[in-house]
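In: Just a sequence and a predicted model for now, questions to come.
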Amino acid sequence: MNGSHSLVAKYLPVPVSLDTRGMDWALPVFADPPSPSLAGKRVLIVSADGPELPEIDVPLEYLRARGAEVQLAGQNWIFEHRDPPGYIVLAQWLADNVCVKADLALKDVVNVADYDALFIPGGAWNPDMLRTDGDALRIVREARAHGVLIVSLCHGPQVLISAAKREPDGPVVFPRGTEITGVESIHVDLDNAGFVVHHDQPTVYDAASRLLTARGPNDLGPLCEAMGRLLSQPANA
């Protein structure tokens, strides 16, 4: 019996002139850090396949340029079944021709309290896979329980919805009324999950939940700067 890959023969190849990378997002320009202001801080980025390229690259470079230690955790199966193992495929809209090597598998993140921040990038594919990944949801819940700063943007907050909703017998992860933002297409989902959704602010910070969110790639500049400020403060400030 033929597999689904055989269906390709029925259709036209994508023309070279059709640029599947989508919008060419303007990258933020940051002032040179006067000192390693985030030295000693540890940040965990969690991602499945398909995060938007700038949503991984810009925060990663911003944090490392300021002295933070950043680790990238990928889904367990990419270490067990992918050849070569451990590579996360990055997206530019529909294009998927670049990748990055993850530092560890999600299952190997055992001491979430050792991190100062948890970063969840967006992208249309990435959150859809993370929100059904038991280890990803465990990491979000443990980060929340330990007061770790949680940062996300674009479609990334979909993972927060699932982390809050898939624990019926446990404590509330993000209480109703937690303030948030994200890409416009998930505002209804966030509202239905009990969040207070802001439509007109590039970043939103809910101090009670230590949750920092942004609308999309155009807001990477203010998001990174807000993350840097929050990481520079004591957790209870």
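Out: Good, I have the coordinates.
In: Which elements pack onto the helix or strand of the chain with the lowest mean pLDDT?
Out: One helix or strand of the chain scores below all others by mean pLDDT, DSSP states H and E: helix 157-165, with a mean of 92. Counting contacts by 3 or more C-beta pairs under 8 Å, 6 or more residues apart in numbering; DSSP states H and E, helix 157-165 is packed against strand 117-120, helix 126-130, helix 134-145, strand 149-153, helix 187-192. C-beta here means a position set from N, CA and C on the backbone, and glycine is covered the same way.
In: The next helix-or-strand element following it: how far from the chain's middle?
Out: Using DSSP states H and E, the helix or strand that follows helix 157-165 in sequence is strand 179-180. Relative to the centre of its chain, strand 179-180 is centred 16 Å away, using C-alpha atoms, centre = their mean, to the nearest Å.
In: who does strand 179-180 pair up with?
Out: strand 196-197 (parallel) (DSSP bridges).
In: Just the mean pLDDT for the strand it pairs with, thanks.
Out: Strand 196-197 shows a mean pLDDT of 98.
In: Please name the strands paired to the helix or strand following it in the sheet, noting orientation.
Out: For strand 196-197, the succeeding helix or strand toward the C-terminus, using DSSP H and E, is strand 203-206. Partners of strand 203-206 in the sheet, by DSSP bridges, are strand 211-214 (antiparallel).
In: roughly how far apart are residue 232 and residue 225?
Out: According to C-beta to C-beta, to the nearest Å, residue 232 stands 11 Å off from residue 225.
In: among the helices and strands packed on helix 157-165, which is nearest residue 104?
Out: helix 134-145 (11.0 Å; C-beta to C-beta).
In: Any idea how far that closest one is from the middle of the chain?
Out: Between the centre of helix 134-145 and the centre of its host chain there is 13 Å, according to C-alpha atoms, centre = their mean.
In: list the helices and strands it packs on?
Out: When contacts are defined as 3+ C-beta pairs under 8 Å, 6+ apart, helix 134-145 sits against strand 42-47, strand 117-120, strand 149-153, helix 157-165.
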